[in-house]
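A.B. asks: have a look at this fold, sequence not included:
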């Protein structure tokens, strides 16, 4: 097995299982070191002991490289592969097969862990046809949200990357824009008009009373710039950040507004979110909403979590044609540029 590929897959699968950040960073750092050498140089350094003495390459990486050079899948990677499986029933598998893209992801321009090229490469390796880069907006300072100037600079990076894709893949311009206290969107409206995808999410004052939260969300989904309502309840059900109850709002009113305005309700695939809860997902389905199954990825391995969202959508009978991330790119862009 190729040693660099083994280390990169190790980092990817650790990200998929939401391993502690320090552990993932160690393997990402080691992969960056290995990438500077030819396969022959890696083999030579592993053979004469120089690899073990290299800064940024830990003992576990040396073990992985050594076993890969012996022509076998490293033991550590075998264990990760066994743990990474997620069994899908026939309906969920069919839905997962139909998914073409992902409208919610982050890079190290905000609070993601890797650069934009790494996120695009991972999406392509997973067979996605498109991925929306939706780094945070300026109000979310804890997540290094993008000012208008930084967002404009990021758009130039995206344009440059798209010029180099020869397989038809498209990195979509986007933002996860914060829904402010008054329901307005946290970015220059003229700049939002230039983006392919706008995901609007509440990140602050999640414990506001139901009336306040409802008015805030109604204003956001009625905004003609909004395409997707992100992780609508803000709940956390597991994970290193602990748990958090769902925010309180008039879900019927909000989802009716989503349906009326053609705004998709996000089915957030992250295990710690599972948002919206099943009962709200069923209500949005009843009210005629569109949906977007998204990874909310903050690292390359998170992009593979769409199978969790697909399983939930299939279990509740969400039709594939009402899931915008199953649509081919021309149809998707026709929707995001619809008259509103």
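C.D. replies: The structure has been received and is ready for your questions. Only a predicted model underlies this, so the values are computations on that prediction, with no experimental measurement involved.

A.B. asks: specify the local secondary structure of residue 23.
C.D. replies: Of the three states, residue 23 takes helix under DSSP: H, G, I helix; E, B strand; the rest coil.

A.B. asks: now it, nearest residue through space, not along the chain?
C.D. replies: Distance criterion C-beta to C-beta, 6 or more residues apart in numbering; nearest residue to residue 23, sequence neighbours excluded, is residue 14 at 6.0 Å. (Each C-beta comes from the backbone N, C-alpha and C, glycine too.)

A.B. asks: what do you get for residue 293?
C.D. replies: residue 309 (4.1 Å).

A.B. asks: I'd say that neighbour and residue 296 touch.
C.D. replies: No: under the criterion of C-beta atoms under 8 Å, residue 309 makes no contact with residue 296, lying 9.4 Å away.

A.B. asks: shared neighbours of those two, anything?
C.D. replies: Common neighbours of residue 309 and residue 296, using C-beta atoms under 8 Å, 6 or more residues apart in numbering, are 268, 269.

A.B. asks: neighbour count winner among the two?
C.D. replies: The neighbour comparison of residue 309 against residue 296 (other C-beta atoms under 10 Å) goes to residue 309, with 31 against 26.

A.B. asks: rewinding a little: distance of the residue nearest to residue 23 from residue 309?
C.D. replies: With distances taken as C-beta to C-beta, to the nearest Å, residue 14 is found 20 Å from residue 309.

A.B. asks: also residue 217?
C.D. replies: Taken as C-beta to C-beta, the span from residue 217 to residue 309 is 21 Å.

A.B. asks: residue 128 too?
C.D. replies: For residue 128 relative to residue 309 (C-beta to C-beta), the value is 14 Å.

A.B. asks: buried ones in stretch 71-90, by neighbour count?
C.D. replies: By neighbour count on 16 or more other C-beta atoms under 10 Å, the buried set for stretch 71-90 is 74, 76, 77, 80, 88.

A.B. asks: that stretch - what's its average pLDDT?
C.D. replies: Stretch 71-90 carries an average pLDDT of 96.

A.B. asks: same check, this time on stretch 245-257
C.D. replies: Here the average pLDDT along stretch 245-257 is 98.

A.B. asks: pLDDT value on residue 339, please?
C.D. replies: Taking residue 339 on its own, its pLDDT is 87.

A.B. asks: can you count the residues close to residue 104?
C.D. replies: Residue 104 has 27 neighbours, counted by other C-beta under 10 Å.

A.B. asks: give me the phi and psi for it.
C.D. replies: phi -150, psi 110 (degrees, to the nearest 10).

A.B. asks: then residue 58?
C.D. replies: Residue torsions, per degrees, to the nearest 10, at residue 58 are phi -90, psi 180.

A.B. asks: residues near it, how many?
C.D. replies: Neighbour count of residue 58, defined by other C-beta under 10 Å: 14.

A.B. asks: name the SS class of the closest residue in space to it that isn't next to it in sequence, please.
C.D. replies: In this structure, residue 58 finds its nearest non-sequential neighbour in residue 26, 5.8 Å apart by C-beta to C-beta, 6+ apart. The three-state label given to residue 26 by three-state DSSP is helix.

A.B. asks: I figured residue 26 hits residue 57, correct?
C.D. replies: No: assessed by C-beta under 8 Å, residue 26 is found out of contact with residue 57, at 9.2 Å.

A.B. asks: quick one, which of the two is more surrounded?
C.D. replies: Shown here are residue 26 and residue 57; by other C-beta under 10 Å, residue 57 has more neighbours (23 against 19).

A.B. asks: touching, the more buried one and residue 32? I think so.
C.D. replies: No: using C-beta under 8 Å, residue 57 makes no contact with residue 32, being 10.2 Å away.

A.B. asks: nearest residue to the middle of the chain?
C.D. replies: For the chain, the residue sitting closest to the mean C-alpha position, by C-alpha atoms, centre = their mean, is residue 297 at 2.4 Å.

A.B. asks: now do the contacts for residue 11.
C.D. replies: Applying C-beta under 8 Å, 6+ apart to residue 11 gives the contacts 24, 27, 28, 31, 300, 301.

A.B. asks: with residue 117 instead?
C.D. replies: Counting by C-beta under 8 Å, 6+ apart, residue 117 has contacts residue 161.
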